[in-house]
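# Got a sequence here, can you build the structure:
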Amino acid sequence: MAYIVLTIFTGLSAGIIAKTRGHSFWLWFVIGFVLPVFGTIAALLYRRDSEVQKRKCPECGNTIAIHDQVCMKCGRDLEWSGDNFAVS
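Residues are numbered from 1 along each chain as shown. Prediction:
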């Protein structure tokens, strides 16, 4: 019984931490539930979405994350280039 309570609370803590960092609550809840202590630590160490560098699509001007290869707005395949970064 104590183990079930521990896994629920670590799942909640991982989910809440991830939600404040801009990630999915339910995904991180499951990770914290399955890996009780390690899930919460992973949620603390995982990057924030707001800290990811961004760049502009040369075709439509949409701002996307630097690690995305395809623009989600127009579908253009983007090449890796240092000249199309936007200040984020």
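# max-length helix in the chain?
helix 2-20 (DSSP state H).
# Quick check: buried residues in that helix?
Using 16 or more other CB atoms under 10 Å as the burial criterion, the residues of helix 2-20 that qualify are 7, 10-18. No exception for glycine: its C-beta is placed from N, CA and C like everyone else's.
# could you check the angle helix 2-20 makes with the helix or strand just after it?
Along the chain past helix 2-20, the next helix or strand (assigned with DSSP states H and E) turns out to be helix 25-34. Relative orientation of helix 25-34 versus helix 2-20 (axes from the mean of the first three to the mean of the last three CA atoms, to 10 degrees): 150 degrees.
# Packing partners of helix 25-34?
Taking 3 or more CB pairs under 8 Å, 6 or more residues apart in numbering; DSSP states H and E as the contact definition, the neighbouring helices and strands of helix 25-34 are helix 2-20, helix 36-45.
# Per-residue pLDDT of the residue nearest the centre of the chain, please?
The central residue of the chain, meaning the one whose C-alpha is nearest the mean C-alpha position (CA atoms, centre = their mean), is residue 23 at 4.7 Å. According to the per-residue confidence, residue 23 scores 86 in pLDDT.
# Isn't it up against residue 46?
Yes. Contact criterion CB atoms under 8 Å: residue 23 and residue 46 qualify, at 7.0 Å.
# Can you tell me how far residue 20 is from residue 32?
Residue 20 is 14 Å from residue 32, where distance means CB to CB, to the nearest Å.
# Outside of stretch 15-31 itself, list whatever touches it.
In this structure, residues lying in contact with stretch 15-31 by CB atoms under 8 Å, 6 or more residues apart in numbering are 11-12, 14, 32, 39-40, 42-44, 46-50.
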